[in-house]
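# Compute the structure for the input listed below.
(one chain, ligands or ions: 3)
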Amino acid sequence: MAKKTVRDIDVAGKRVLVRVDFNVPLKEGRVAEDARLKAALPTIRYLCEQGARVILVSHLGRPKGVPVDELRLDPVAVRLGELLQRPVHKVDACTGPAVEAAVAALGPGDVLLLENIRFHPGEEKNDPELARQLAALCDIYVNDAFGTVHRAHASVVGVAALRPAVAGFLLERELEVLGKLLSAPEHPFVVVIGGAKISDKIGVLENLLARVEAMLVGGGMANTFLAAQGHDMGLSLVETDKLEVAANLLARAAGQGCRLVLPVDLVVAESQVPGAVHRVVPVNAVPGGWMALDIGPETVKLFAAELARARTVFWNGPLGYFEQPPFDAGTVAVARALPVATATTVVGGGDTVRAVKRAGIADKITHVSTGGGASLKLLEGKELPGVTVLQEKEEG
Ligand SMILES: Nc1ncnc2c1ncn2[C@@H]1O[C@H](COP(=O)(O)OP(=O)(O)O)[C@@H](O)[C@H]1O
Ligand SMILES: O=C(OP(=O)(O)O)[C@H](O)COP(=O)(O)O
Ligand SMILES: [Mg+2]
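Ligands and ions are numbered 1, 2, ... in the order given. Here you go, the predicted model:
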(Lines give C-alpha, C1' and ligand atoms only; values in the text may rest on other atoms or scores of the structure.)
(Ligands and ions follow the chains in the order given, each with its own letter.)
Protein backbone atom coordinates (compact mmCIF):
# COMPACT_ATOMS: atom_id res chain seq x y z
CA MET A 1 0.00 0.00 0.00
CA ALA A 2 1.48 3.39 -1.01
CA LYS A 3 2.09 5.94 1.69
CA LYS A 4 1.17 9.60 1.54
CA THR A 5 4.12 11.87 0.87
CA VAL A 6 4.92 15.53 1.38
CA ARG A 7 3.22 16.16 -1.98
CA ASP A 8 -0.12 14.96 -0.58
CA ILE A 9 -0.34 17.44 2.30
CA ASP A 10 -0.40 21.25 2.59
CA VAL A 11 2.74 22.33 4.42
CA ALA A 12 2.79 26.07 3.71
CA GLY A 13 3.50 27.99 6.91
CA LYS A 14 3.25 24.78 8.95
CA ARG A 15 5.81 23.57 11.47
CA VAL A 16 7.05 20.32 9.92
CA LEU A 17 9.12 17.89 11.97
CA VAL A 18 11.26 15.78 9.63
CA ARG A 19 12.92 12.62 10.94
CA VAL A 20 16.12 12.28 8.90
CA ASP A 21 18.93 9.74 9.17
CA PHE A 22 22.03 11.90 9.55
CA ASN A 23 23.92 9.04 11.22
CA VAL A 24 27.12 9.83 9.33
CA PRO A 25 30.79 9.27 10.12
CA LEU A 26 32.57 12.29 11.65
CA LYS A 27 36.30 12.90 11.52
CA GLU A 28 38.15 15.71 13.31
CA GLY A 29 34.93 17.65 13.90
CA ARG A 30 33.70 17.41 10.30
CA VAL A 31 31.33 15.18 8.35
CA ALA A 32 33.55 12.57 6.66
CA GLU A 33 30.85 11.08 4.39
CA ASP A 34 27.83 13.18 3.44
CA ALA A 35 25.80 10.81 1.20
CA ARG A 36 23.00 10.56 3.80
CA LEU A 37 22.81 14.37 3.99
CA LYS A 38 22.64 14.71 0.20
CA ALA A 39 19.95 12.01 0.05
CA ALA A 40 17.62 14.09 2.26
CA LEU A 41 18.10 17.38 0.36
CA PRO A 42 15.16 17.00 -2.07
CA THR A 43 12.65 16.74 0.78
CA ILE A 44 14.19 19.58 2.79
CA ARG A 45 14.40 21.84 -0.28
CA TYR A 46 10.80 21.06 -1.24
CA LEU A 47 9.54 21.91 2.25
CA CYS A 48 11.52 25.17 2.28
CA GLU A 49 10.19 26.14 -1.15
CA GLN A 50 6.64 25.44 0.04
CA GLY A 51 7.16 27.81 2.95
CA ALA A 52 7.22 25.22 5.72
CA ARG A 53 9.09 25.84 8.97
CA VAL A 54 11.41 22.84 8.90
CA ILE A 55 12.55 21.11 12.10
CA LEU A 56 15.03 18.26 11.52
CA VAL A 57 15.59 15.46 14.02
CA SER A 58 18.21 12.69 13.75
CA HIS A 59 20.35 10.36 15.77
CA LEU A 60 24.09 9.89 15.36
CA GLY A 61 25.86 6.82 16.72
CA ARG A 62 24.66 4.98 19.80
CA PRO A 63 25.06 7.34 22.80
CA LYS A 64 22.58 5.29 24.90
CA GLY A 65 20.41 8.08 26.27
CA VAL A 66 23.12 10.47 27.55
CA PRO A 67 24.87 13.43 25.91
CA VAL A 68 28.24 12.55 24.34
CA ASP A 69 30.18 15.57 23.04
CA GLU A 70 31.76 13.70 20.12
CA LEU A 71 28.27 12.81 18.87
CA ARG A 72 26.79 16.33 18.77
CA LEU A 73 25.23 17.32 15.46
CA ASP A 74 27.02 20.69 15.00
CA PRO A 75 29.28 19.38 12.18
CA VAL A 76 26.15 18.00 10.49
CA ALA A 77 24.44 21.43 10.67
CA VAL A 78 27.52 23.05 9.11
CA ARG A 79 27.74 20.58 6.23
CA LEU A 80 23.98 20.63 5.65
CA GLY A 81 24.07 24.43 5.45
CA GLU A 82 26.79 24.22 2.77
CA LEU A 83 24.79 21.69 0.76
CA LEU A 84 21.47 23.55 1.09
CA GLN A 85 23.10 26.94 0.59
CA ARG A 86 20.93 28.37 3.31
CA PRO A 87 21.41 28.79 7.07
CA VAL A 88 20.74 25.74 9.24
CA HIS A 89 20.02 26.76 12.82
CA LYS A 90 21.12 24.29 15.49
CA VAL A 91 19.98 23.90 19.10
CA ASP A 92 21.92 21.96 21.74
CA ALA A 93 18.87 20.01 22.96
CA CYS A 94 16.03 18.03 21.43
CA THR A 95 13.31 19.10 23.91
CA GLY A 96 12.78 21.89 26.42
CA PRO A 97 12.53 25.71 26.49
CA ALA A 98 15.53 26.41 24.21
CA VAL A 99 14.04 24.17 21.53
CA GLU A 100 10.57 25.69 21.90
CA ALA A 101 12.04 29.20 21.55
CA ALA A 102 14.06 28.20 18.47
CA VAL A 103 10.96 26.70 16.84
CA ALA A 104 8.89 29.80 17.66
CA ALA A 105 11.55 31.95 15.98
CA LEU A 106 11.37 30.04 12.66
CA GLY A 107 9.94 31.83 9.66
CA PRO A 108 8.59 30.17 6.49
CA GLY A 109 11.44 28.32 4.71
CA ASP A 110 13.74 28.34 7.77
CA VAL A 111 15.57 25.17 8.84
CA LEU A 112 16.35 24.10 12.40
CA LEU A 113 18.34 21.01 13.42
CA LEU A 114 17.71 19.57 16.89
CA GLU A 115 20.46 17.87 18.91
CA ASN A 116 21.14 14.12 18.62
CA ILE A 117 17.83 12.55 19.67
CA ARG A 118 19.60 9.52 21.19
CA PHE A 119 20.99 11.80 23.91
CA HIS A 120 17.44 11.52 25.27
CA PRO A 121 16.80 8.34 27.30
CA GLY A 122 13.24 8.14 25.94
CA GLU A 123 14.15 7.81 22.27
CA GLU A 124 15.01 4.13 22.00
CA LYS A 125 12.29 3.19 24.53
CA ASN A 126 9.68 4.94 22.38
CA ASP A 127 8.75 6.88 25.52
CA PRO A 128 5.26 8.44 25.11
CA GLU A 129 6.31 11.56 27.00
CA LEU A 130 9.18 12.24 24.54
CA ALA A 131 6.82 11.56 21.63
CA ARG A 132 4.35 14.07 23.09
CA GLN A 133 7.08 16.71 23.51
CA LEU A 134 8.22 16.26 19.90
CA ALA A 135 4.62 16.41 18.67
CA ALA A 136 4.12 19.70 20.55
CA LEU A 137 6.84 21.23 18.36
CA CYS A 138 5.07 20.53 15.06
CA ASP A 139 1.86 20.46 13.01
CA ILE A 140 3.00 17.77 10.57
CA TYR A 141 5.44 14.85 10.78
CA VAL A 142 7.56 13.66 7.86
CA ASN A 143 9.75 10.56 7.84
CA ASP A 144 12.67 10.67 5.41
CA ALA A 145 14.98 8.47 7.52
CA PHE A 146 14.88 5.20 5.60
CA GLY A 147 17.97 3.87 7.44
CA THR A 148 16.05 4.07 10.73
CA VAL A 149 12.50 2.92 9.85
CA HIS A 150 13.16 -0.55 11.30
CA ARG A 151 13.59 1.04 14.75
CA ALA A 152 10.38 1.55 16.79
CA HIS A 153 11.74 4.67 18.51
CA ALA A 154 10.01 7.82 19.76
CA SER A 155 11.12 10.05 16.85
CA VAL A 156 10.26 7.32 14.32
CA VAL A 157 7.00 5.81 15.61
CA GLY A 158 5.78 7.56 18.79
CA VAL A 159 5.56 11.10 17.45
CA ALA A 160 4.29 9.93 14.04
CA ALA A 161 1.17 8.48 15.67
CA LEU A 162 0.31 11.88 17.17
CA ARG A 163 0.37 14.05 14.02
CA PRO A 164 -0.55 13.76 10.32
CA ALA A 165 2.45 11.66 9.23
CA VAL A 166 3.76 11.27 5.66
CA ALA A 167 6.87 10.08 3.83
CA GLY A 168 9.63 12.22 2.35
CA PHE A 169 11.02 11.70 -1.16
CA LEU A 170 13.97 9.59 -0.03
CA LEU A 171 11.77 7.19 1.93
CA GLU A 172 9.31 7.05 -0.98
CA ARG A 173 12.06 6.08 -3.45
CA GLU A 174 13.67 3.51 -1.13
CA LEU A 175 10.31 1.77 -0.59
CA GLU A 176 9.53 1.85 -4.29
CA VAL A 177 12.85 0.40 -5.49
CA LEU A 178 13.37 -2.14 -2.70
CA GLY A 179 9.68 -3.05 -2.64
CA LYS A 180 9.80 -3.88 -6.35
CA LEU A 181 12.60 -6.37 -5.69
CA LEU A 182 10.01 -8.39 -3.76
CA SER A 183 6.85 -7.62 -5.72
CA ALA A 184 7.86 -7.49 -9.38
CA PRO A 185 11.56 -7.96 -10.13
CA GLU A 186 12.67 -8.51 -13.70
CA HIS A 187 14.19 -11.96 -14.09
CA PRO A 188 16.80 -13.35 -13.96
CA PHE A 189 17.15 -11.91 -10.43
CA VAL A 190 20.59 -12.50 -8.91
CA VAL A 191 21.51 -11.68 -5.30
CA VAL A 192 25.06 -11.19 -4.05
CA ILE A 193 25.38 -11.74 -0.31
CA GLY A 194 28.52 -11.35 1.75
CA GLY A 195 29.64 -9.90 5.07
CA ALA A 196 31.01 -11.54 8.13
CA LYS A 197 28.19 -13.74 9.39
CA ILE A 198 25.28 -15.87 8.21
CA SER A 199 23.46 -15.19 11.47
CA ASP A 200 22.83 -11.54 10.47
CA LYS A 201 21.25 -12.53 7.18
CA ILE A 202 19.41 -15.86 7.57
CA GLY A 203 16.02 -14.14 7.24
CA VAL A 204 16.99 -12.47 3.97
CA LEU A 205 18.51 -15.62 2.53
CA GLU A 206 15.36 -17.56 3.39
CA ASN A 207 12.95 -14.97 2.00
CA LEU A 208 14.88 -14.49 -1.24
CA LEU A 209 15.62 -18.14 -2.04
CA ALA A 210 12.30 -18.74 -3.77
CA ARG A 211 12.40 -15.42 -5.63
CA VAL A 212 15.83 -15.45 -7.29
CA GLU A 213 17.52 -17.54 -9.97
CA ALA A 214 20.92 -17.34 -8.26
CA MET A 215 22.38 -16.41 -4.90
CA LEU A 216 26.12 -15.67 -4.99
CA VAL A 217 27.58 -16.07 -1.52
CA GLY A 218 31.01 -14.74 -0.51
CA GLY A 219 32.77 -13.19 2.47
CA GLY A 220 32.96 -14.68 5.93
CA MET A 221 29.48 -16.21 5.65
CA ALA A 222 30.57 -18.38 2.70
CA ASN A 223 33.03 -20.08 5.06
CA THR A 224 30.16 -21.47 7.11
CA PHE A 225 28.48 -22.89 3.99
CA LEU A 226 31.79 -24.43 2.86
CA ALA A 227 32.33 -25.91 6.32
CA ALA A 228 28.80 -27.34 6.18
CA GLN A 229 29.82 -29.08 2.94
CA GLY A 230 32.67 -30.71 4.85
CA HIS A 231 35.59 -28.47 3.90
CA ASP A 232 38.26 -27.76 6.51
CA MET A 233 38.35 -23.97 6.78
CA GLY A 234 41.47 -23.71 8.99
CA LEU A 235 41.34 -20.57 11.16
CA SER A 236 38.73 -18.86 8.94
CA LEU A 237 35.72 -17.18 10.51
CA VAL A 238 33.14 -20.02 10.74
CA GLU A 239 29.91 -19.97 12.78
CA THR A 240 30.02 -23.50 14.10
CA ASP A 241 26.53 -23.15 15.59
CA LYS A 242 25.10 -22.33 12.14
CA LEU A 243 26.35 -25.35 10.17
CA GLU A 244 22.92 -26.94 10.21
CA VAL A 245 21.25 -23.70 9.09
CA ALA A 246 23.73 -23.50 6.22
CA ALA A 247 23.13 -27.12 5.21
CA ASN A 248 19.35 -26.54 5.28
CA LEU A 249 19.65 -23.46 3.09
CA LEU A 250 21.74 -25.41 0.57
CA ALA A 251 19.14 -28.17 0.44
CA ARG A 252 16.22 -25.74 0.17
CA ALA A 253 17.92 -23.77 -2.61
CA ALA A 254 18.38 -26.96 -4.62
CA GLY A 255 14.72 -27.88 -4.08
CA GLN A 256 13.53 -24.45 -5.24
CA GLY A 257 15.60 -24.19 -8.38
CA CYS A 258 17.81 -21.44 -6.98
CA ARG A 259 21.53 -21.77 -7.72
CA LEU A 260 23.29 -21.07 -4.44
CA VAL A 261 26.78 -20.36 -5.77
CA LEU A 262 29.65 -20.70 -3.32
CA PRO A 263 33.31 -19.77 -3.83
CA VAL A 264 35.47 -22.31 -5.65
CA ASP A 265 38.73 -20.65 -4.64
CA LEU A 266 39.80 -18.38 -1.80
CA VAL A 267 42.57 -15.97 -0.86
CA VAL A 268 44.01 -17.34 2.37
CA ALA A 269 46.46 -15.65 4.74
CA GLU A 270 48.42 -16.51 7.85
CA SER A 271 46.82 -13.60 9.72
CA GLN A 272 44.70 -10.47 9.26
CA VAL A 273 47.59 -8.05 9.90
CA PRO A 274 48.70 -5.75 7.04
CA GLY A 275 51.34 -7.38 4.86
CA ALA A 276 50.51 -10.93 5.99
CA VAL A 277 51.63 -13.71 3.62
CA HIS A 278 48.72 -14.75 1.40
CA ARG A 279 47.92 -16.98 -1.56
CA VAL A 280 45.07 -18.40 -3.64
CA VAL A 281 43.87 -21.97 -2.96
CA PRO A 282 40.90 -24.10 -4.05
CA VAL A 283 38.23 -24.37 -1.35
CA ASN A 284 39.27 -27.93 -0.53
CA ALA A 285 42.87 -26.93 0.24
CA VAL A 286 42.77 -24.27 2.96
CA PRO A 287 46.03 -24.87 4.88
CA GLY A 288 45.65 -25.61 8.61
CA GLY A 289 46.27 -22.44 10.64
CA TRP A 290 45.44 -20.15 7.66
CA MET A 291 42.28 -18.11 7.16
CA ALA A 292 40.13 -17.26 4.12
CA LEU A 293 39.93 -13.47 3.72
CA ASP A 294 38.68 -13.02 0.14
CA ILE A 295 37.18 -14.90 -2.79
CA GLY A 296 39.68 -16.02 -5.44
CA PRO A 297 39.90 -15.13 -9.16
CA GLU A 298 38.03 -18.26 -10.37
CA THR A 299 35.14 -17.36 -8.08
CA VAL A 300 35.13 -13.80 -9.45
CA LYS A 301 34.76 -15.27 -12.96
CA LEU A 302 31.95 -17.56 -11.85
CA PHE A 303 30.09 -14.68 -10.15
CA ALA A 304 30.69 -12.37 -13.14
CA ALA A 305 29.14 -14.95 -15.51
CA GLU A 306 26.00 -15.15 -13.34
CA LEU A 307 25.80 -11.35 -13.12
CA ALA A 308 26.15 -10.89 -16.88
CA ARG A 309 22.83 -12.74 -17.38
CA ALA A 310 20.90 -10.88 -14.68
CA ARG A 311 18.16 -8.31 -15.24
CA THR A 312 17.93 -7.48 -11.52
CA VAL A 313 20.76 -7.55 -8.97
CA PHE A 314 20.71 -6.89 -5.23
CA TRP A 315 23.99 -6.83 -3.31
CA ASN A 316 24.58 -6.68 0.44
CA GLY A 317 27.84 -7.45 2.21
CA PRO A 318 31.48 -7.34 1.05
CA LEU A 319 32.95 -10.59 -0.28
CA GLY A 320 36.08 -10.44 1.86
CA TYR A 321 37.95 -8.55 4.56
CA PHE A 322 37.86 -5.57 2.21
CA GLU A 323 39.03 -2.94 4.74
CA GLN A 324 42.51 -4.43 4.36
CA PRO A 325 43.97 -4.50 0.83
CA PRO A 326 44.73 -6.78 -0.98
CA PHE A 327 41.70 -8.59 0.50
CA ASP A 328 39.41 -6.05 -1.20
CA ALA A 329 40.30 -7.39 -4.66
CA GLY A 330 37.41 -9.87 -4.97
CA THR A 331 34.81 -7.37 -3.77
CA VAL A 332 36.11 -4.65 -6.11
CA ALA A 333 36.27 -7.06 -9.09
CA VAL A 334 32.68 -8.23 -8.54
CA ALA A 335 31.55 -4.59 -8.15
CA ARG A 336 33.10 -3.87 -11.56
CA ALA A 337 31.26 -6.91 -12.99
CA LEU A 338 27.83 -5.57 -11.98
CA PRO A 339 25.67 -5.37 -15.12
CA VAL A 340 24.99 -1.64 -14.66
CA ALA A 341 24.10 -1.11 -18.33
CA THR A 342 21.60 -3.95 -18.70
CA ALA A 343 20.04 -4.59 -15.28
CA THR A 344 18.43 -2.86 -12.34
CA THR A 345 21.21 -2.84 -9.73
CA VAL A 346 20.51 -2.17 -6.06
CA VAL A 347 23.16 -2.02 -3.34
CA GLY A 348 22.60 -1.74 0.42
CA GLY A 349 24.70 -1.75 3.59
CA GLY A 350 27.31 0.69 4.84
CA ASP A 351 30.33 -1.48 4.04
CA THR A 352 28.93 -2.53 0.67
CA VAL A 353 28.29 1.05 -0.35
CA ARG A 354 31.88 1.92 0.62
CA ALA A 355 33.05 -1.00 -1.52
CA VAL A 356 31.16 0.11 -4.68
CA LYS A 357 32.51 3.61 -4.18
CA ARG A 358 36.04 2.23 -3.95
CA ALA A 359 35.39 0.36 -7.20
CA GLY A 360 34.39 3.69 -8.78
CA ILE A 361 31.00 2.51 -9.99
CA ALA A 362 28.61 3.95 -7.35
CA ASP A 363 27.17 6.53 -9.76
CA LYS A 364 26.27 3.82 -12.29
CA ILE A 365 24.20 1.79 -9.80
CA THR A 366 20.42 2.15 -10.20
CA HIS A 367 19.89 2.61 -6.47
CA VAL A 368 22.34 2.88 -3.60
CA SER A 369 20.23 2.40 -0.47
CA THR A 370 20.87 4.64 2.53
CA GLY A 371 19.84 1.83 4.89
CA GLY A 372 21.71 -1.39 5.58
CA GLY A 373 19.67 -2.96 8.37
CA ALA A 374 16.45 -1.38 7.07
CA SER A 375 16.90 -2.71 3.51
CA LEU A 376 17.57 -6.20 4.87
CA LYS A 377 14.47 -6.05 7.12
CA LEU A 378 12.39 -5.01 4.12
CA LEU A 379 13.77 -7.84 1.97
CA GLU A 380 13.14 -10.30 4.81
CA GLY A 381 9.49 -9.37 4.31
CA LYS A 382 9.33 -7.93 7.84
CA GLU A 383 7.28 -4.96 8.94
CA LEU A 384 9.04 -1.58 9.13
CA PRO A 385 7.39 0.16 12.11
CA GLY A 386 8.40 3.65 10.92
CA VAL A 387 6.58 3.00 7.63
CA THR A 388 3.49 1.28 9.07
CA VAL A 389 2.67 4.35 11.16
CA LEU A 390 2.53 6.72 8.13
CA GLN A 391 -0.78 7.63 6.47
CA GLU A 392 -1.89 5.65 3.47
CA LYS A 393 -2.77 7.17 0.12
CA GLU A 394 -6.47 7.14 -0.66
CA GLU A 395 -7.52 4.61 -3.28
CA GLY A 396 -7.89 5.63 -6.92
N1 LIG B 1 36.31 -13.65 4.89
C2 LIG B 1 36.12 -12.74 5.83
N3 LIG B 1 36.77 -12.80 7.01
C4 LIG B 1 36.58 -11.86 7.95
N5 LIG B 1 35.75 -10.80 7.84
C6 LIG B 1 35.07 -10.68 6.69
C7 LIG B 1 35.22 -11.63 5.64
N8 LIG B 1 34.39 -11.24 4.62
C9 LIG B 1 33.78 -10.10 5.03
N10 LIG B 1 34.18 -9.76 6.26
C11 LIG B 1 33.76 -8.58 7.02
O12 LIG B 1 32.35 -8.36 7.00
C13 LIG B 1 32.10 -7.00 7.32
C14 LIG B 1 30.97 -6.43 6.53
O15 LIG B 1 29.79 -7.16 6.70
P16 LIG B 1 28.37 -6.43 6.89
O17 LIG B 1 28.44 -5.50 8.06
O18 LIG B 1 27.40 -7.54 6.90
O19 LIG B 1 28.19 -5.57 5.54
P20 LIG B 1 27.33 -4.22 5.34
O21 LIG B 1 27.91 -3.16 6.28
O22 LIG B 1 27.53 -3.86 3.89
O23 LIG B 1 25.92 -4.58 5.69
C24 LIG B 1 33.38 -6.25 6.99
O25 LIG B 1 33.91 -5.71 8.20
C26 LIG B 1 34.29 -7.32 6.38
O27 LIG B 1 35.65 -7.14 6.69
O1 LIG C 1 23.28 3.50 10.13
C2 LIG C 1 22.18 2.96 10.29
O3 LIG C 1 21.92 1.66 9.96
P4 LIG C 1 22.83 0.71 8.99
O5 LIG C 1 24.26 0.72 9.52
O6 LIG C 1 22.17 -0.64 9.13
O7 LIG C 1 22.73 1.27 7.59
C8 LIG C 1 20.98 3.73 10.82
O9 LIG C 1 21.32 5.07 11.09
C10 LIG C 1 20.40 3.04 12.06
O11 LIG C 1 21.34 3.10 13.11
P12 LIG C 1 21.25 2.02 14.30
O13 LIG C 1 21.62 0.67 13.72
O14 LIG C 1 22.22 2.51 15.36
O15 LIG C 1 19.82 2.02 14.80
MG1 LIG D 1 28.39 -3.29 8.33
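# Ala269 against Val280, yeah?
No - Ala269 sits out of contact with Val280 when judged by Cβ atoms under 8 Å, with a separation of 10.8 Å. Glycine gets a C-beta too; all of them are placed from N, C-alpha and C.
# Give me the more crowded residue out of these two.
Neighbour totals were compared for Ala269 and Val280, and Ala269 leads with 23 against 15 (other Cβ atoms under 10 Å).
# Can you pull the phi/psi pair for that one?
With angles defined as degrees, to the nearest 10, Ala269 sits at phi -140, psi 160.
# any idea how far it is from ligand 1?
Distance, Ala269 to ligand 1, by Cβ to the nearest ligand atom, to the nearest Å: 10 Å.
# give me every residue that touches the residue nearest to that residue when sequence neighbours are not counted.
If the residues on either side of it in the chain are set aside, Ala269 comes closest to His278, at 3.9 Å by Cβ to Cβ, 6 or more residues apart in numbering. Contacts for His278 were tallied using Cβ atoms under 8 Å, 6 or more residues apart in numbering; they are 267-270, 293, 326-327.
# Between which two of those residues is the distance greatest?
Glu270 and Pro326 (14.0 Å; Cβ to Cβ).
# so where do the helices sit in the stretch 1-150 of the chain?
Here the stretch 1-150 of the chain has its helices, by DSSP state H, counting those that start in this stretch, at 35-49, 74-84, 97-104, 128-136.
# quick one, which of those is nearest to Ala227?
helix 35-49 (35.7 Å).
# circling back to that earlier point, which members of the contacts of His278 occur in strands, if any?
Under the assignment DSSP state E, these contribute 267-269, 293 to strands.
# that older thread, show me which of the contacts of His278 are buried.
Among the contacts of His278, those classed as buried by neighbour count (16 or more other Cβ atoms under 10 Å) are 267-269, 293, 327.
# pLDDT-wise, which helix or strand of this protein ranks last?
Ranking every helix and strand in the chain by mean pLDDT, DSSP states H and E puts helix 350-358 at the bottom, with a mean of 89.
# Might you calculate how far it sits from the centre of the chain?
Remark: helix 350-358 is offset 11 Å from the chain centroid, using Cα atoms, centre = their mean, to the nearest Å.
# same check, this time on stretch 102-116
When distances are taken as Cα atoms, centre = their mean, stretch 102-116 is centred 28 Å away from the chain's centroid.
# Check whether that stretch comes near ligand 2.
No - with Cβ under 6 Å from any ligand atom as the criterion, ligand 2 is not reached by stretch 102-116; the gap is at least 11.6 Å.
# So what touches that stretch?
12-13, 15, 44, 48-49, 51-61, 63, 67-68, 71-73, 76-77, 80, 84, 86-94, 99, 137.
# same question, stretch 345-357
Stretch 345-357 is contacted from outside by 35, 177-178, 181, 194-195, 312-318, 322, 328, 331-332, 335, 338-339, 362, 364-369, 371-372, 375-376, using Cβ under 8 Å, 6+ apart.
# before we move on, the earlier item: what's the closest of the buried ones among the contacts of His278 to Pro164?
Distances from Pro164 to those, taken by Cβ to Cβ, are shortest for Phe327, at 49.5 Å.
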